[in-house]
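>>> Fold the following, please.
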Amino acid sequence: MSKLIYKYLRHDYHLLSKKVLCGLILLLLSACHITPKTIDPVFSYSSYYLWLKTLTQAELMTEIDKQKQFSQSQKDLNSSIKLMLSHSLPSSPIYQPYQAKTMLNQYTISSANFGNEANLAFLLLLKDQLNAQLLLIEKHKLKQQKSLKKIKQQQQEITQLSFQLELLSLKLEQLKEIEKSINQHN
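Coordinates of the predicted model:
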């Protein structure tokens, strides 16, 4: 009889362990649900730039002040880039392409840093545009310096010619006086 009880208990134990194992698996599976990978929306710098272009000067100053505060208090890359975009916007009251280029050069340019390839492409395009703009500014300054140098040189020539004209006028007056004196003696 003990063999029969042993066999029965062994069979029950085996059956019980299968049930416990199945229950445990079901419990674990019910606790683990598959969550879809949610993609956080990536901030679009090009959309932000376009939005900046629609603002009035007062609204633009408010936005710039807000980004300056965020950039200084939180050391936030996003706010810093927004501020850089404000420096690169020609209609901005803080328009400074040199400052914008300096700020842009501080960032390691990769899609990982800027959220996606669209932001990377926009910022690379902006960097190229700022480079081209700064090159044009430097060429314009050089031309302006050459023009100022040429104007200064022409002014010196005019001054010299005026002096020579005065000397010649004086000599002509002297010659007229001499001629008058000769005519009187004759």
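>>> So which elements touch the lengthiest helix in the chain?
Ranked by residue count, the top helix of the chain under DSSP state H comes out as helix 117-185. In terms of contacts (3 or more C-beta pairs under 8 Å, 6 or more residues apart in numbering; DSSP states H and E), helix 117-185 is packed against helix 45-54, helix 77-88, helix 97-105, helix 111-114. To be clear about C-beta, it is placed using only N, CA and C from the backbone, and glycine gets the same treatment.
>>> Just want the angle from it to helix 45-54.
Interaxial angle, helix 117-185 versus helix 45-54 (axes from the mean of the first three to the mean of the last three C-alpha atoms, to 10 degrees): 50 degrees.
>>> so helix 117-185 versus helix 77-88, what angle?
Using the same axes, to 10 degrees: helix 117-185 against helix 77-88 is 30 degrees.
>>> for the record, mean pLDDT for helix 117-185?
Mean pLDDT, computed over helix 117-185, is 94.
>>> Now Ser92, what are its backbone angles?
With angles defined as degrees, to the nearest 10, Ser92 sits at phi -80, psi 140.
>>> and the nearest residue to it once chain neighbours are set aside, what does it touch?
Nearest non-adjacent residue to Ser92, counting by C-beta to C-beta, 6 or more residues apart in numbering: Ser86, 5.1 Å away. With contact set as C-beta atoms under 8 Å, 6 or more residues apart in numbering, Ser86 has these partners: Leu52, Leu60, Glu63, Ile64, Gln67, Ser92, Ile94.
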